[in-house]
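Trainee: next comes the sequence, and after it the predicted model I'd like to discuss.
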Amino acid sequence: MQEEIASKAIIEDQLRALSLVAGADQAFFREATNGNTEGREIMISAVVVLEYPSMKFLYHSSAMMPVDFPYIPGLLSFREAPAIIEAFHKLDKKPDLLLIDGCGINHPRFAGLATHVGVLLDIPTIGVAKNILCGSGTIPSKPGEANLIRYHGREVGYYLKSKKGCRPLVVAPGHKVSLDTSLTIVKSCIRKYKLPEPTRLAHLCVNKLKKDEIRRLTTTG
């Protein structure tokens, strides 16, 4: 399935003029059962939509569902993509581009979470990860510096040093965005923090939803 996803991924720019950019992130928790936390695992996905290039927050959507796929490195798309896709479908107005906390083509089979979601939804996507999954490149040392990551002779992403004192991000195209445009867009979305605003705000949003849901379950349970 991942080989099929990779074969359908378009790593060239097929973007409209950007006016709405979204970010997606996931959070997990276990339902309490009989007073303990050994119940089924639940996933929440949040998609936040921002005005581009101002990065003004506009609206968000979310989806929550039981996790039905184990945590296996390299196969996280099958675990996390369903909730992202459901949350995306709930948006009244769809964004022009989606940044996802995860890999794009920088993946052992060139089909990371951002590529998987992009191909299934047929939308431009970029992967922004905190750790490298495969490939190698020179670690940048200066803020704003970016260095190519190569895997099996193919250019698959960039190390990006977004802020001083922080580990670099790993930026990669997912679908319908070129390698260099992915880097340019992520750079343009960075403000005061290490992460680009779309995925940073998605992270804050999904963790608030998680806390609210745990509090609700604790109160009602």
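Mentor: Good, I have the coordinates. Numbering: from 1, shown residues only.

Trainee: and the one helix or strand in the chain whose mean pLDDT sits lowest, which residues are buried?
Mentor: Least confident helix or strand, the chain: helix 197-220 with a mean of 93, by mean pLDDT, DSSP states H and E. Buried residues in helix 197-220, counting neighbours by 16 or more other Cβ atoms under 10 Å, are found at 197-203, 205-206, 209-210, 213-214. C-beta: built from backbone N, CA, C; applies to glycine.

Trainee: ok, these vs Ile5, which is closest?
Mentor: Ranked by distance to Ile5 (Cβ to Cβ), these are led by Thr199 at 21.1 Å.

Trainee: ok, for Lys163, nearest residue in space, not its chain neighbours?
Mentor: Nearest non-adjacent residue to Lys163, counting by Cβ to Cβ, 6 or more residues apart in numbering: Lys194, 4.8 Å away.

Trainee: I'd say that neighbour and Lys164 touch.
Mentor: No. Look at Lys194 against Lys164 with Cβ atoms under 8 Å: they stay out of range, at 9.8 Å.

Trainee: more neighbours, these two?
Mentor: Neighbours per residue, other Cβ atoms under 10 Å: of Lys194 and Lys164, the larger number sits with Lys194, 17 against 10.

Trainee: which residues of this structure score low on pLDDT?
Mentor: Within the chain, the segments meeting pLDDT under 70 span 32-38, 221.

Trainee: go again with 80.
Mentor: Residues of the chain that meet the criterion pLDDT under 80 lie in 32-38, 220-221.

Trainee: ok so, going back, could I get the buried residues of helix 197-220 as JSON lines with distance to Pro173?
Mentor: Putting the buried residues of helix 197-220 into JSON lines (distance: Cβ to Cβ, whole Å) gives the following:
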{"residue": "Glu197", "distance to Pro173": "19"}
{"residue": "Pro198", "distance to Pro173": "15"}
{"residue": "Thr199", "distance to Pro173": "15"}
{"residue": "Arg200", "distance to Pro173": "20"}
{"residue": "Leu201", "distance to Pro173": "21"}
{"residue": "Ala202", "distance to Pro173": "19"}
{"residue": "His203", "distance to Pro173": "21"}
{"residue": "Cys205", "distance to Pro173": "24"}
{"residue": "Val206", "distance to Pro173": "23"}
{"residue": "Leu209", "distance to Pro173": "28"}
{"residue": "Lys210", "distance to Pro173": "29"}
{"residue": "Glu213", "distance to Pro173": "33"}
{"residue": "Ile214", "distance to Pro173": "35"}
